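Asker: only geometry, no sequence info:
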Ligand SMILES: CC[C@H](C(=O)O)C(=O)SCCNC(=O)CCNC(=O)[C@H](O)C(C)(C)COP(=O)(O)OP(=O)(O)OC[C@H]1O[C@@H](n2cnc3c(N)ncnc32)[C@H](O)[C@@H]1OP(=O)(O)O
Ligand SMILES: [Co+2]
């Protein structure tokens with residue numbers, strides 16, 4: 001079912017200082033910051049040779065990462081995103097296996113213009129999993 005690792009997401013309180021660390025200290029190339037109001041975050045992507053890093057900052061009053069940042073004052077790894085060939089088939093199989101799909105259960109369009117879904121961290125080794133249509 002799961003395929004390529006599309007990205008590893010890091011939640012940060014202060015996007016500009018996180019960008020400075022990746023750009024100036026780690027020498028990374030960053031995408032522009034893109035507000036994603038329907039997801040309650042602003043994202044910056046860092047292209048690596050074999051995957052991407054997604055820097056996430058909270059956007060709006062009820063950002064889904066707000067509580068995560070209350071628990072993790074310095075930020076931290078927030079989720080991993082795997083690609084799947086058919087996100088609806090993957091969802092249906094996961095639900096059959098008893099996994100919890102977050103939100104309405106219907107995919108939303110994610111940062112790459114592709115449908116994405118999130119799976120409950122308690123069902124996947126304490127790790128928030130995002131699926132993105134390949
Ligand atoms: C623009 C889209 C972009 C893309 O790549 O395309 C994105 O990635 S958008 C990313 C932001 N959106 C989301 O994360 C949506 C899915 N997330 C959620 O719905 C929430 O974050 C949720 C439900 C996973 C957690 O929300 P919250 O922290 O407010 O809930 P709780 O405090 O009740 O937490 C429940 C339980 O889960 C543990 N938890 C929470 N977040 C994580 C995490 N990131 N990794 C691991 N575990 C997590 C939390 O500690 C609680 O555990 P407990 O033992 O009960 O304390
Ligand atoms: Co993501």
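Answerer: Yep, it's here. Everything quoted here is computed from the prediction, not taken from an experiment. Ligands and ions are numbered 1, 2, ... in the order given.
Asker: alpha carbons only for contacts and neighbour counts from here, please
Answerer: Fine.
Asker: pLDDT score for whichever residue of the chain sits closest to ligand 1?
Answerer: At 3.4 Å from ligand 1, residue 110 is the closest residue in the chain, using C-alpha to the nearest ligand atom. On the pLDDT scale, residue 110 is placed at 97.
Asker: dump the residue contacts of the residue lying closest to it once chain neighbours are set aside.
Answerer: Computed as C-alpha to C-alpha, 6 or more residues apart in numbering, the closest residue to residue 110 that is not its neighbour in sequence is residue 116, at 5.6 Å. Contacts for residue 116 (C-alpha atoms under 8 Å, 6 or more residues apart in numbering) come out as 87, 107, 108, 109, 110, 130, 131, 132, 133.
Asker: strand partners of the host helix or strand of residue 8, parallel vs antiparallel please.
Answerer: Assessed by DSSP states H and E, residue 8 sits inside strand 2-11. Within its sheet, strand 2-11 is paired with strand 52-58 (parallel), strand 76-84 (antiparallel), according to DSSP bridges.
Asker: at the contact with ligand 1, which residues of this protein appear?
Answerer: For the chain, the residues found near ligand 1 under the criterion C-alpha under 6 Å from any ligand atom are 36, 39, 64-65, 67-68, 78-79, 102, 110-111, 118, 120-121, 126-128.
Asker: thank you kindly, that will do.
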